[in-house]
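S.K.: Give me coordinates for this.
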Amino acid sequence: AFAIEGRLNFEPRAQNIVFFGSNDGQKWTALTPELATSPISLTRVEVNPDQCTAMFRYLKVEKVNRRSAPLFEPSELRIYGRRCEAR
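M.R.: Okay, the predicted model is just below:
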């Protein structure tokens, strides 16, 4: 899961985002649904159930809809998960 909070008085800048994962930096897989509401307080975004056991090398946060604000500016971002290192 991920958690995100918008900057005070600029919460729409952290709205309409999706978290993506990739292993090669070219093909990206959506890990979460779109966060459609402004995260006024720390808001937890759950990973799609079919992606919970998948491992990715890269993480990308993308604003998929710019109706709310053109910038992405969170005040806090947390990642809940496990680190895995290939041997």
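
S.K.: May I have the beta-bridge partners of the residue most central in space within the chain?
M.R.: Taking Cα atoms, centre = their mean as the criterion, residue 19 is the residue nearest the geometric centre of the chain, at 3.2 Å. When bridges are called by DSSP bridges, residue 19 pairs up with residue 61.

S.K.: residue contacts, it?
M.R.: Neighbouring residues of residue 19 by Cβ atoms under 8 Å, 6 or more residues apart in numbering: 2, 30-32, 45, 47, 59-61. No exception for glycine: its C-beta is placed from N, CA and C like everyone else's.

S.K.: which one of those sits closest to residue 85?
M.R.: The closest of the contacts of residue 19 to residue 85 turns out to be residue 59 (Cβ to Cβ; 15.3 Å).

S.K.: so what pLDDT did the closest one get?
M.R.: According to the predicted model, the pLDDT of residue 59 comes to 95.

S.K.: Surely it touches residue 18?
M.R.: No - with the criterion set as Cβ atoms under 8 Å, residue 59 and residue 18 do not qualify as a contacting pair; they are 11.5 Å apart.

S.K.: Just want the phi and psi numbers for residue 11.
M.R.: With angles defined as degrees, to the nearest 10, residue 11 shows backbone torsions of phi -60, psi -30.

S.K.: any idea whether the nearest residue to residue 73 once chain neighbours are set aside is helix, strand or coil?
M.R.: Using Cβ to Cβ, 6 or more residues apart in numbering and skipping residues adjacent in sequence, the residue nearest residue 73 is residue 13, 4.1 Å away. Under DSSP: H, G, I helix; E, B strand; the rest coil, the three-state class of residue 13 is helix.

S.K.: Residue 13 contacts residue 39, correct?
M.R.: No - under the criterion of Cβ under 8 Å, residue 13 is not in contact with residue 39, lying 9.8 Å apart.

S.K.: Mind listing the shared neighbours of the two?
M.R.: 6, 74.
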